[in-house]
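Undergrad: prediction below, plus the sequence it came from.
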Amino acid sequence: MMIMSDTANSLYISNRVSISLDEIELHPIRARGAGGQNVNKVSSAIHLRFDIRSSSLPEAYRHRLLALKDKRISRDGVIVIKAQQHRTQERNRQAALERLQILIRSVFISRSKRIPTRPGKAAKQRRLSDKSHRSKIKGLRSKVSLERD
């Protein structure tokens, strides 16, 4: 669900951050793959380009986006998204903008820090008893000697 900000020419990222649509290049291209005559005649796919370095995003967003190891971000700091799932150019345009919005929002989702824990006394005892049980089972698999003392 793509949300535009109050002004119709900007993409809403958060309460305080939005991107002007003037900073986003949207080029219609012909879609690839199956689709018959429609694919061959109509430029319904959208090629989106967004230059991170020259954008009006806050410095923290730009820094985190450039640090991302994402195949959609080129070495030059340009996000390239191709949308061709839908039959109409407008739906593909919305899909591309929505994917850009999700990518930019993802850099500020904070992960909760993992707190390392240790196994309890009962868990240690269970592990040791399972080990000794397994050892006995494997010991019974050995060859039986015929010699008697």
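TA: Thanks, I have it. Residues are numbered from 1 along each chain as shown.
Undergrad: as a whole number, average confidence for whichever strand or helix holds Lys138?
TA: Under the criterion of DSSP states H and E, Lys138 resides in helix 121-139. Averaged across helix 121-139, pLDDT comes to 95.
Undergrad: contacts for it?
TA: Residues from elsewhere that reach helix 121-139 (Cβ atoms under 8 Å, 6 or more residues apart in numbering): Pro119. All C-beta atoms are positioned from the backbone trio N, CA, C, and that covers glycine.
Undergrad: how near is Arg105 to Ser55?
TA: 15 Å (Cβ to Cβ, to the nearest Å).
Undergrad: comparing these two, which residue is more hemmed in?
TA: Taking neighbours as other Cβ atoms under 10 Å, Arg105 and Ser55 compare with Ser55 leading, 18 against 14.
Undergrad: Three-state assignment for Leu48, please.
TA: The three-state assignment at Leu48 reads strand, by DSSP: H, G, I helix; E, B strand; the rest coil.
Undergrad: which residues are in contact with it?
TA: So Leu48 contacts 24-27, 79-83, 96-97, 99-100 (Cβ under 8 Å, 6+ apart).
Undergrad: that one and Leu100: what is the separation?
TA: Counting by Cβ to Cβ, the gap from Leu48 to Leu100 is 6 Å.
Undergrad: now stretch 85-105, how far from the centre of its chain.
TA: Here stretch 85-105 is found 15 Å from its chain centre; the criterion is Cα atoms, centre = their mean, to the nearest Å.
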